[in-house]
Structure formats: C-alpha cells, structure tokens
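Student: What shape does this take:
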Amino acid sequence: LFAAPRSKNRSIFTLIVGVVVGYCLAQLFSSIAQNQSLYPYLSQRLRIAGGPYANTVTRGEQVPGEGPVQHPFQHEHPDDNTTVAEQLKKDVRILCWVMTNPTNHKKKARHVKRTWGKRCNILLFMSSGEDSELPTVKLNVGEGRENLWAKVKEAFKYVYKHHYNDADWFYKADDDTYAVVENLRYMLYPYSPQTPVHFGFKFKPFVKQGYMSGGAGYVLSREALRRFVVDGIPNKKMCLPGTVVNEDIEIGRCMQNLNVTAGDSRDERGRGRMFPFVPEQHIIPAKWDKNFWYWNYVYYKTDDGLDCCSDLAISFHYVAPNLMYVLDYLIYHLKPYGLMRSLEALPAKLEVGQLLPPPVERPAASNEDSVDDYDRIYTTTTEKPKEPNAGEMDSKELEKEEAKYEDELLKEEEKEVDSKESYAKETSDDSEYSNKDKDKQNK
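Tutor: Purely as a prediction, here's the structure:
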C-alpha cells in the first residue's frame, strides 16, 4: 500500500523487451522446424494423404516436388522381414493377366491393380478397350460371355509373344478374383517351369483329368503355355476353334489333349488353396442340398468350416472391390501383438516332369469341423450335372440357393410350432373331458 507507484517509462520498457525476446524465440523455433520437426511422431501421423498436412514432410522422406510419399490406398511396414518373400519373387516369377472389359476398368480392374495385382512380377489387363491408367492390352475380340474362349486364346497368344521369357508361371484371373501372390509362389516353388502342368481349383465333369475353375484363376507353367499356343490353338483337334461360353472347360480339354497335367493345388493336409467363391461361403457355408451343382463338380473331397481352407490359401472369387481392400488389410497389415508364426520350410526342388505326391488327409486338431463330421460326407449323383454358365454359378444364384435353404428351415420351424400347438390343444381338450367325467361321477 505504501510502495512507490511504478513509473510509466518502466512499463513501456518492459513491454518492448518482452516483444523483442518473443520475436527472437519465434525465429529460433522456426529455423529448427525447417530442418527437423520437434515432434516427428505427431508430424508423421498428421501427414494423411489428401489432408491439410499432406505436403508437410521431414528431412529424407520425400524428394521435393514429387508429392506425398503415402499412397491413399496403402501403407508400408519398413521393419517387416520380407527377405524370403523377396527371394521367392526372384526365384518364382509370375505374370498375372486379368480378364476385364471397358465397363469394369474403373469398377473392378483398378482395384485389382491397387491391391493384390501389384505383387505380381508382371501385371497385364486384357480388354477390348484402351485404358492408360491400368494400362490395358487391347485385344481384337468382342466382349460378352460368348467370347470368353476366344479372349483367353488371344490373351495367352499375346503373353507368349511378348513375355514368354519374362516369367516362369502365367496366372489368369478375373477382375473379381483376389489372390495372395506370395502363397502362389510358395505352392509353385518346387515345380520346374519346364514341367507341363497347370494348377487351379479343380472340377471333375467334362474332362477326365479335371479342369480348373475360371474364377479362382489358373496358372500355367512356361511349358504348358508353349504347348497351348504353339501346339494347341492352331490345331483344331487339340483345342476348340472359334469361341464358346465355358472357357475354363475348353482350356481344360485342351490341356488334357496336350498332355499338360491338371495339378493338385491342395496343401499337405489336403485343404484347398484356390477357391471359386468368397471366403465366407467356404468357411461358413450354408448346408445346401448335396445336389447343388458345386458338390457334384468338386474334384476332391472337401470339408466345410475352418477345415476347408489352407493357412496358405491363394485365391477367392466374386470378391467385390471393397472386400479387396479389407482382405489386403487383414492379410498384410493386421497382426496380433506378441504372436509370431514359424516360417514353413520351402520344399525340395523337383526334376522336370516330377510332381508332388497327393497330400495325406489328416483329421483336424478339434472335432468341431473334422474329417469325420457329417458335413464331410462326399455324395455323388448318377444324373449328369447341368453345365453351369461359364463353368460356374453366378453370385446371385448362390444367394437364391441360400434364400431357398433359409425358407426351408423357416417352414420346418413353422411346422414344428404348429405341431406343438396342436399337441397342446389336444392335451388341453383331453384334460377338459376328463374333468367333466369326474364331475359326473361325483354327482
């Protein structure tokens, strides 16, 4: 209360000193930020592709003027050990060609390129139209299911002419196929590319040695490709001229005529690796009538549930674009912390012409879905199965089958409820009559 009042000049001096010190500190921190972020982790998290900080980078992460490092549809794991996968990519070179059409370039094919397709050694898109984004190989073939066989022949002719020596194996897929290319390389590793063999999901009718599902994709060895293009297509006794709907059946017949073996793509436990439907429909299948075409077509005995599919599965079909990204995330990014699997040893290399022996089927570790379950029963039919369109069933037909099965279950439940209600009513009536008889006797 008795202190002398602060002079006006002293207050102004203090204000000026504060402004100068603040300005100097601001310059100091801004010079540091130009070279290195004070918060590198936060800075990295904020650099989301397309976001307000997308072009903010730290030293050594980006070449000036080349845009953001991160692709909007992917993120990498630089600390992952990819030594074996990278070596397999050199040892087992796979050319993937995807059958598509102009309508599906943006709807489907581009999503193949952004997900699993980028892991092939060479990726080609076969279409009747040009597209610089993919890019496409424009074939002089009409579109439509009726031209599938002609399109397959022209595509393989192009591959043989331009890439025969650039790859060891040649994988054909649809634009709604999803493939784990690393697992495909693992399956193919022991085989020689000079062995005339092809692999896929094998169906049994129409071709004695079986033919491969078109949707699951099939892969030809270099020798199989040579025989198909050089010895098969020009010879109408070996391969059907012209075009038909069922390209997978026709190439199966052609392979058999050319003595190209229909290989076994199952794993060492007898579980499938290449599949004609989405994962859900194999892992959690509806208990369809065994006359459903799939059960009559499938070449090998197959189990339902988790026992259906190999831990090193390769391909699935009818995969929507959104699901491709989901599968990419689940397979390549999601990891349970603290759980690491031991790496399967690579099998020994085989000589030219040699094939691995058939797998030994083993009961599953639990009896929840073991080979002894009722759903493992393998049924056949004496009736010649109806040939499905393009060798496979459309996904809408699958939905109809599931709806039909659910309707049958609902009807059975309604019958059971009606039966219980009827029984309850009869019991009630009997009890009522019994009470009336007792009243009469008492009177």
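Student: pretty sure residue 224 contacts residue 255?
Tutor: Yes. Counting by Cβ atoms under 8 Å, residue 255 is a contact partner of residue 224 at 6.9 Å. The C-beta positions use only the backbone N, C-alpha and C, and glycine is treated the same way.
Student: Mutual contacts of those two, please.
Tutor: Common contacts of residue 224 and residue 255 (Cβ atoms under 8 Å, 6 or more residues apart in numbering): residue 198.
Student: So, low pLDDT: which residues of the stretch 151-300 of the chain?
Tutor: In the predicted model, the stretch 151-300 of the chain carries pLDDT under 70 at residues 286-290.
Student: all helices of it, in order?
Tutor: 181-188, 222-226, 247-257, 279-283, 293-297 (DSSP state H, counting those that start in this stretch).
Student: Now distance to residue 90 and mean neighbour count too, for the ones you listed, in JSON lines please.
Tutor: As requested, the helices of the stretch 151-300 of the chain are exported to JSON lines (distance: least, Cβ to Cβ, whole Å; neighbours: other Cβ atoms under 10 Å):
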{"stretch": "helix 181-188", "distance to residue 90": "10", "mean neighbour count": "23"}
{"stretch": "helix 222-226", "distance to residue 90": "16", "mean neighbour count": "22"}
{"stretch": "helix 247-257", "distance to residue 90": "28", "mean neighbour count": "23"}
{"stretch": "helix 279-283", "distance to residue 90": "29", "mean neighbour count": "16"}
{"stretch": "helix 293-297", "distance to residue 90": "37", "mean neighbour count": "19"}
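Student: Mind checking the ones you listed for the one nearest to residue 338?
Tutor: Within the helices of the stretch 151-300 of the chain, the stretch nearest residue 338 is helix 181-188; the backing value is 22.9 Å (Cβ to Cβ).
Student: elements contacting the closest one?
Tutor: Judged by 3 or more Cβ pairs under 8 Å, 6 or more residues apart in numbering; DSSP states H and E, helix 181-188 is in contact with helix 83-91, strand 94-99, strand 169-174.
Student: And for residue 334, the neighbour number?
Tutor: Using other Cβ atoms under 10 Å, the number of residues around residue 334 comes to 7.
Student: you'd agree it is in a strand?
Tutor: No. Assessed with DSSP: H, G, I helix; E, B strand; the rest coil, residue 334 is coil; it does not lie in a strand.
Student: Kindly reformat the helices and strands packed on helix 181-188 as TSV containing mean neighbour count and distance to residue 215.
Tutor: As requested, those are exported to TSV (neighbours: other Cβ atoms under 10 Å; distance: least, Cβ to Cβ, whole Å):
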stretch	mean neighbour count	distance to residue 215
helix 83-91	13	25
strand 94-99	24	10
strand 169-174	26	6
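Student: closest to residue 281 out of those?
Tutor: Between residue 281 and the helices and strands packed on helix 181-188, the shortest separation by Cβ to Cβ is 16.2 Å, and it involves strand 169-174.
Student: Let's see the closest one as CSV, backbone CA atoms only.
Tutor: Coordinates of each C-alpha in strand 169-174 appear next as CSV, following Å, rounded to 0.1, in the frame of the first residue of the first chain:
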residue,chain,number,x,y,z
TRP,A,169,4.5,-69.1,-64.5
PHE,A,170,1.4,-67.4,-66.1
TYR,A,171,-1.7,-66.8,-63.9
LYS,A,172,-5.0,-66.0,-65.4
ALA,A,173,-7.6,-64.3,-63.1
ASP,A,174,-10.9,-62.4,-63.4
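Student: tell me the contacts of residue 343?
Tutor: By Cβ under 8 Å, 6+ apart, residue 343 lies in contact with residue 84.
Student: Actually, residue 238.
Tutor: Going by Cβ under 8 Å, 6+ apart, residue 238 touches 231-232, 254, 257-258.
Student: ok so, going back, output the helices of the stretch 151-300 of the chain in CSV; the columns should cover distance to residue 200.
Tutor: Conversion of those to CSV gives the following (distance: least, Cβ to Cβ, whole Å):
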stretch, distance to residue 200
helix 181-188, 11
helix 222-226, 12
helix 247-257, 8
helix 279-283, 15
helix 293-297, 13
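Student: how many other residues sit next to residue 19?
Tutor: Close neighbours of residue 19, defined as other Cβ under 10 Å, add up to 10.
Student: Next one: it from residue 12, what distance?
Tutor: 11 Å (Cβ to Cβ, to the nearest Å).
Student: burial measure for residue 210, as a count.
Tutor: Using other Cβ under 10 Å, residue 210 is surrounded by 22 other residues.
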